[in-house]
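> Using only what follows, build the 3D model:
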Amino acid sequence: MAEADKLFAGNIPGFYDRFLVPLIFEPYARDLSARVTSNNPKRVLEVAAGTGVVTRSLASRLPANAKLVVTDLNSPMIEHAKSRIGQDERIEWRTADAQNLPFENETFDAVACQFGAMFFPDKVRAFKEARRVLTPAGRYYFSVWDKIAENEFADVVTQAVGEMFPSDPPLFLARTPHGHYDVDTLRAHLSLAGFSEVSVDAVDERSKAPSPREPAIAYVEGTPLRNEVEARDATRLEEATTRAAEAIGKHFGAGPLDGRIRAYVITAAR
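Sure thing, here's the model as predicted:
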């Protein structure tokens, strides 16, 4: 994985939260928070929280006596998430690496991670850390995207932007968010981390947008695909967004748009 794949800074958090969250993350956040809260946990850890879409959903479901610790590797994402949620005495915010969690053993009843595991350079190590901080009856809940061909807008954007740089196409979306979908490998990594009981659910949703421009901005300017484009030619970011919008319009029409998205949701018992 390229180091820049993990860099969510500068203008990315704002575009990510405004465009990408409603486009693809909100339905899965509702699903994941419902799973996490189904066992009435009192202490929950969220890792790779991004701009807080799952945090907000969890906060709406957890009781007043619960504790939610929210972490992300990128401080700008945490700051953006805090600004969205306001004052909540149940929530503690920390900048932290999922591979080296700054918490004692057996601290949390549940660990949640929506679409963050794909960014862990050493997944077994990150999974071991999640297991270490779980109580004996605790559960680890996380999600990963299916292959890019099953996520239509992302696939079209990748192809359109790739045509701008044919000798060195930017492949962030295919490589990282949509590059870690092999369920057998995930099960093997969880087993190596010490988890004994693992269930996997394929969850299909629909990605909706009022026009092609919104998903183009979401993917090109609200993810590290932006970093890849600017590294190749810093003057062509707007062109990349425009080309992506044109390609989406060609495939799905002028709007409103509706595209297929698919993810796997994994539950691992300690």
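> alpha carbons only for contacts and neighbour counts from here, please
OK.
> tell me the phi and psi of residue 86?
phi 80, psi -170 (degrees, to the nearest 10).
> need the contact list for the closest residue to residue 120 other than its chain neighbours.
Distance criterion Cα to Cα, 6 or more residues apart in numbering; nearest residue to residue 120, sequence neighbours excluded, is residue 126 at 6.9 Å. Contact analysis of residue 126 by Cα atoms under 8 Å, 6 or more residues apart in numbering lists 98, 99, 100, 120.
> Please tell me I have it right and the last one contacts residue 113.
This points to residue 120. No - taking contacts as Cα atoms under 8 Å, residue 120 lies outside contact range of residue 113: 11.3 Å.
> Make a PyMOL selection of the buried ones in the contacts of residue 126.
Selecting only the buried entries of these in PyMOL, with 16 or more other Cα atoms under 10 Å as the criterion:
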select buried, resi 98+99+120
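> among the contacts of residue 126, which two are most distant?
Maximum pairwise distance in the contacts of residue 126, criterion Cα to Cα, is 11.0 Å, between 100 and 120.
> buried ones in stretch 208-218?
208, 209, 211, 212, 213, 214, 215, 216, 217, 218.
> same check, this time on stretch 197-206
Using 16+ other Cα under 10 Å as the test for burial, stretch 197-206 gives 198, 204.
> contacting residues around that stretch?
For stretch 197-206, using Cα under 8 Å, 6+ apart, the contacting residues are 24, 27, 183, 187, 190, 258-270.
> do the same with stretch 169-179
By Cα under 8 Å, 6+ apart, the list of residues contacting stretch 169-179 from outside reads 1, 5, 115, 118-119, 144-148, 154-155, 158, 161-163, 224-225, 228-229.
> where's that stretch relative to the chain centroid, distance-wise?
Chain-centre distance of stretch 169-179: 13 Å, with Cα atoms, centre = their mean, to the nearest Å.
> ok, back up a step: now, the buried residues of stretch 208-218 that are in strands?
Among the buried residues of stretch 208-218, DSSP state E puts 208, 209 in strands.
> Could you dump the buried residues of stretch 208-218 into TSV and include distance to residue 198 and pLDDT?
Listed next are these as TSV, based on distance: Cα to Cα, whole Å; pLDDT from 0 to 100:
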residue	distance to residue 198	pLDDT
208	31	95
209	34	96
211	39	97
212	38	97
213	39	96
214	36	95
215	33	96
216	36	97
217	36	95
218	32	93
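> mind putting the buried residues of stretch 208-218 in TSV, distance to residue 81 included?
Listed next are the buried residues of stretch 208-218 as TSV, based on distance: Cα to Cα, whole Å:
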residue	distance to residue 81
208	23
209	23
211	26
212	26
213	24
214	21
215	21
216	23
217	20
218	17
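> Widest-spaced pair of the buried residues of stretch 208-218?
Pairwise distances across the buried residues of stretch 208-218 peak at 13.8 Å for 208 and 217 (criterion: Cα to Cα).
> now residue 193: how far from residue 173?
For residue 193, the distance to residue 173 equals 27 Å [Cα to Cα, to the nearest Å].
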